[in-house]
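# need a 3D model of the following:
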Amino acid sequence: MANMKDVAEKAGVSVATVSHVINNTRYVSEPTRQKVLKSMEELNYSPNKIARSLRKKETNTIGFIVPDISNFFFTGIANHIEQELNDNAYNVILCNSNENIKQEKNQLQTLNSYQIDGVIIAPAPGDHSYLHESTLIKDFPLVFIDRKPKNYNCTSVLVDNFESSYNAVRRLIDKGHDKIGIITGLSGITTTSERLNGYKKALKDHNIPVNDKYIRSGDSKFQAGYSCTKKLLEETDITALYVTNNLMCIGAVDCLNENSVSIPEELAIIGFDDYKWASITDPPLSVISQPIEEIGKTAVNKLIEYIEGEADESDEPQEIRLSTKFIERSSC
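Residues are numbered from 1 along each chain as shown. Predicted coordinates for the structure are as follows:
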C-alpha cells in the first residue's frame, strides 16, 4: 500500500507538503496541490482519517534541541528563542543531545509524540540522513542553527565562520605573528571545519606554511582547552593562539595563567564568542562575537513562517549567514 512518503516522492514535494494538502493546515500553491492530488489518485492513496484528525491539532509548542547545554553559546540562544516564541504565543520544549546523534534522534521521536508544531536543532556530529524517515519528523518543519547537518538539506541559520576565522588570524599576522596555534572543537561538525579552513587560508594567503603541530582539537569542553594549550606550550614554539570555542578558551586562559605565561607579551590569544568573563579577565580577551540574539530570532521567525504557511518548506532550503564582530581588547 502506498504511504504519504510515496506520494511525496511521486509529486516531487516534501512529506510535510502532502500533509498540508490532505489536512488543509497550511497554504499550498494550487499547482503544487494539484500535483499532490494527482499523485494520490495514481497511487490509490487514502489517508488515515483518524490519524489525520489527531495531527491537525496545533499545540503552539516548538522543540529546541541543543548539543551541549553547558555551553554558554547555546544557553544564550535558548534564552532568545524562548523570548521570541513567547512574543509569538508559542511555548518551547528544550532538549540536550549531549553531542550524541542517537540521543538527538530519540529526542525528535519524543517531541513528535507531543505533536509539536516545529523544531529548531543545533545538530550533533554525525549523519543526518535519518531525517529522511517520514515516520520520524512526520509533517512538522525543521530549522537548523549554528551547524549544517550532514546529508540533510534544510533551512539553516549560521554565521560566517570561515571569514570570521580568516580575519582573526590575519590580525595576529598583522601584529607580526607567524607561529600561530589553533584549538578547534569536535570533528564532524561544520563550525569546526569552517573555522579551521579560515585559519589555514589566512596563513596561506600570507605565505606562512601550515604546521600540523600547531593544530589541536578537543571536545569543546574546558578541560580540552586546558590540555591542548598545555601540549602546545610544551611541544611547540607558538607565539599566538586562536581558540575556536568559548569553553575551551576559558581552559586555555586557565592553563596560561597556571604556567605564568604573560598575555600578550609571551603569547597572544583570540577566542570565539563574547561573554562577560572575556572582558574582565587579566588582560581582557580579544574575541569573535556571534550575534546570538539575531540567530535565535531569525530561526524562530523562519520556523513560524513555515508553520503558519507564510513560506513553503518544499521550496529550496535557505542558508542564512549572519555576520560576526571582532572585538579587540588587550590579549593580542
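# quick one, helices of this structure?
4-11, 15-23, 30-43, 49-55, 72-87, 101-113, 134-137, 161-174, 190-205, 222-235, 246-258, 276-280, 292-307 (DSSP state H).
# now those as JSON lines including mean pLDDT, distance to Tyr214 and mean neighbour count?
For glycine as for every other residue, the C-beta is placed from the backbone atoms N, C-alpha and C. Listed next are the helices of the chain as JSON lines, based on pLDDT from 0 to 100; distance: least, CB to CB, whole Å; neighbours: other CB atoms under 10 Å:
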{"stretch": "helix 4-11", "mean pLDDT": "87", "distance to Tyr214": "48", "mean neighbour count": "20"}
{"stretch": "helix 15-23", "mean pLDDT": "79", "distance to Tyr214": "46", "mean neighbour count": "23"}
{"stretch": "helix 30-43", "mean pLDDT": "90", "distance to Tyr214": "52", "mean neighbour count": "15"}
{"stretch": "helix 49-55", "mean pLDDT": "43", "distance to Tyr214": "53", "mean neighbour count": "12"}
{"stretch": "helix 72-87", "mean pLDDT": "93", "distance to Tyr214": "25", "mean neighbour count": "18"}
{"stretch": "helix 101-113", "mean pLDDT": "91", "distance to Tyr214": "30", "mean neighbour count": "17"}
{"stretch": "helix 134-137", "mean pLDDT": "69", "distance to Tyr214": "41", "mean neighbour count": "16"}
{"stretch": "helix 161-174", "mean pLDDT": "98", "distance to Tyr214": "11", "mean neighbour count": "20"}
{"stretch": "helix 190-205", "mean pLDDT": "98", "distance to Tyr214": "9", "mean neighbour count": "19"}
{"stretch": "helix 222-235", "mean pLDDT": "97", "distance to Tyr214": "7", "mean neighbour count": "19"}
{"stretch": "helix 246-258", "mean pLDDT": "95", "distance to Tyr214": "14", "mean neighbour count": "22"}
{"stretch": "helix 276-280", "mean pLDDT": "83", "distance to Tyr214": "23", "mean neighbour count": "13"}
{"stretch": "helix 292-307", "mean pLDDT": "94", "distance to Tyr214": "29", "mean neighbour count": "21"}
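# isn't Pro149 up against Ala122?
No. Under the criterion of CB atoms under 8 Å, Pro149 makes no contact with Ala122, lying 9.9 Å away.
# re the thing from before, Gly181 is nearest to which of the helices of the chain?
Nearest of the helices of the chain to Gly181, taken as CB to CB: helix 222-235 at 4.9 Å.
# center of this structure, which residue is that?
Asp146 (2.2 Å; CA atoms, centre = their mean).
# might you report the residue contacts of the nearest residue to that residue once chain neighbours are set aside?
Nearest in space to Asp146, with sequence neighbours left out and distances taken as CB to CB, 6 or more residues apart in numbering, is Ala122 at 4.6 Å. Residues in contact with Ala122 (CB atoms under 8 Å, 6 or more residues apart in numbering) are Ile65, Val66, Pro67, Phe74, Ile77, Phe144, Ile145, Asp146, Arg147.
# same question, Leu37
Neighbours of Leu37 in contact, by CB under 8 Å, 6+ apart: Val21.
# against Tyr45, how distant is it?
10 Å (CB to CB, to the nearest Å).
# check Ser193 too.
Per CB to CB, Ser193 is found 41 Å from Tyr45.
# leaving out the residues flanking it, which one is nearest to Ile101?
Per CB to CB, 6+ apart, closest to Ile101 is Gly126, 3.5 Å.
# make sure that neighbour is actually in contact with Asn151.
No. Under the criterion of CB under 8 Å, Gly126 makes no contact with Asn151, lying 9.5 Å away.
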